[in-house]
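Peer 1: Give me coordinates for this.
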Amino acid sequence: MNIGDLFDSPLKILIIAIVFLVVFGSTKLPVFARSLGRSARILKSEMTKIHDDDDEAPEGVAQAQAKPQAQALTSPQQLQIDQLQQQVRDLQAQQTAAVNGATAADAAPTNQPG
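Peer 2: The predicted structure follows:
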């Protein structure tokens with residue numbers, strides 16, 4: 001027996017309605033119907049939000065694709081900056097080595113007996 005077979009004739013629907021009325025009572029049925037309606041509205045609004053989020057996704061993808069293009073435009077500039085920073089570090093290391101070497105050379109003759 002299929003669930004669709006329960007609703008194929010008006011007589012079966014009437015019997016199901018009477019069973020609901022007996023089981024839940026006449027006072028609980030309106031509350032049950034209101035609760036069912038609220039649930040349906042909530043479900044509908046959530047589905048709308050999901051579809052709206054799906055519509056916004058291509059714009060987000062376009063923005064995400066625009067960022068790598070902007071980075072590609074600045075990458076030669078960034079490469080130059082990185083090279084200049086490396087040169088500054090090398091010069092500072094050479095200067096530090098020269099200062100350390102000069103002090104070591106200056107200190108060495110004074111420490112040696114002579």
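Peer 1: For F20, grab the count of nearby residues.
Peer 2: 13 (other CB atoms under 10 Å). (Glycine included, C-beta is placed from N, CA and C.)
Peer 1: Average pLDDT for the host helix or strand of L11, rounded please.
Peer 2: Using DSSP states H and E, L11 sits within helix 10-111. Average pLDDT, helix 10-111: 78.
Peer 1: by contact count, what packs against that helix?
Peer 2: With contacts taken as 3 or more CB pairs under 8 Å, 6 or more residues apart in numbering; DSSP states H and E, helix 10-111 sits against no other helix or strand.
Peer 1: what's the burial count for Q95?
Peer 2: With other CB under 10 Å as criterion, Q95 counts 10.
Peer 1: go on, F24?
Peer 2: Neighbours of F24 (other CB under 10 Å): 13.
Peer 1: cool, and F32?
Peer 2: 12.
Peer 1: I'd say it and F24 touch.
Peer 2: Yes: in terms of CB atoms under 8 Å, F32 counts as a neighbour of F24; the distance is 6.1 Å.
Peer 1: ok, R89 to K12 distance?
Peer 2: Between R89 and K12 the computed distance is 85 Å (CB to CB, to the nearest Å).
Peer 1: in stretch 37-54, what counts as buried?
Peer 2: By neighbour count on 16 or more other CB atoms under 10 Å, the buried set for stretch 37-54 is empty.
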